[in-house]
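In: Could you look at this predicted model? Sequence included:
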Amino acid sequence: MALLRSPDVTWHAGGVTREARWRALGQRGATVWLTGLPASGKSTIAAVVEELLIEQSRCAYRLDGDNLRHGLCRDLGFSAEDRAENMRRTAHLACLLADAGAVAVVALVSPYTAGRAHARQIHEHEGLPFIEVYVDTPLDECERRDPKGLYARARAGDLPGFTGIDDPYEPPVTPELRVSGSQSVQLAAEAVVALVPPVEI
């Protein structure tokens, strides 16, 4: 997926450099992108990652997939095209937060390899760290948990196109980190935080 630019617009550069922003904040920006099946534990781990970073006096902000669909992505459904657009918007938002010096902690199913690659490409284009974390929880365990009852509805035919049932999830091949769904949330979160770039500017 190419990095397309809107027509008839020009980037307006300000007088503040990224380095100046980061020095003022006292930390480097980055994006941590947690991907996995629905109910794999992404959101739970992401919340603890955010807490741990804040405890370290680091600016961090969690971008949860469900939360984003209450606002920024509320106009999107769950077709393949809408899922791709959901990933694209989230990637650009995370990139802006990382550029500002925050650690963006994304928890998004992001089922397609191409969409995650595009998110990485957006960050690489801007020279920003992108850390992909695969929350590898087996489908049967996700269905057993099913905290929102979505798998049951999908099995009953009420949610067509549900990831893992009748829409594919394409697991990452070379993520920066793979955490097991059977691992404790605290240990998984600590492993994620250990990969976040140090604060030194």
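Out: Ah, there it is. Numbering: from 1, shown residues only.
In: for this structure, what are the low-confidence residue spans?
Out: Applying pLDDT under 70 to the chain flags residues 1-5, 11, 201.
In: quick one: the helices in this structure?
Out: Here the chain has its helices, by DSSP state H, at 18-25, 42-55, 65-68, 80-100, 113-125, 139-145, 150-155, 185-193.
In: need these in CSV with distance to residue 165, can you?
Out: For glycine as for every other residue, the C-beta is placed from the backbone atoms N, C-alpha and C. Below are those laid out as CSV (distance: least, CB to CB, whole Å):
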stretch, distance to residue 165
helix 18-25, 42
helix 42-55, 18
helix 65-68, 17
helix 80-100, 14
helix 113-125, 19
helix 139-145, 9
helix 150-155, 4
helix 185-193, 25
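In: between the ones you listed, which gets nearest to residue 9?
Out: helix 80-100 (14.4 Å; CB to CB).
In: Can you work out which other helices and strands pack against the closest one?
Out: helix 18-25, strand 30-35, strand 60-64, helix 65-68, strand 103-107, helix 113-125 (3 or more CB pairs under 8 Å, 6 or more residues apart in numbering; DSSP states H and E).
In: looking at these, which is closest to residue 91?
Out: With CB to CB as the yardstick, what comes closest out of the helices and strands packed on helix 80-100 is helix 113-125 (3.6 Å).
In: quick one, that closest one and helix 80-100 angle?
Out: Taking axes from the mean of the first three to the mean of the last three CA atoms, to 10 degrees, one finds that helix 113-125 is oriented at 20 degrees with respect to helix 80-100.
In: how about helix 113-125: buried residues?
Out: Across helix 113-125, burial judged by 16 or more other CB atoms under 10 Å covers 115, 116, 118, 119, 120, 122, 123.
In: Identify the residues contacting the residue most central in space within the chain.
Out: The residue lying closest to the centre of the chain (CA atoms, centre = their mean) is residue 106, at 2.8 Å. Taking CB atoms under 8 Å, 6 or more residues apart in numbering as the criterion, residue 106 is in contact with 31, 32, 33, 34, 46, 62, 63, 90, 94.
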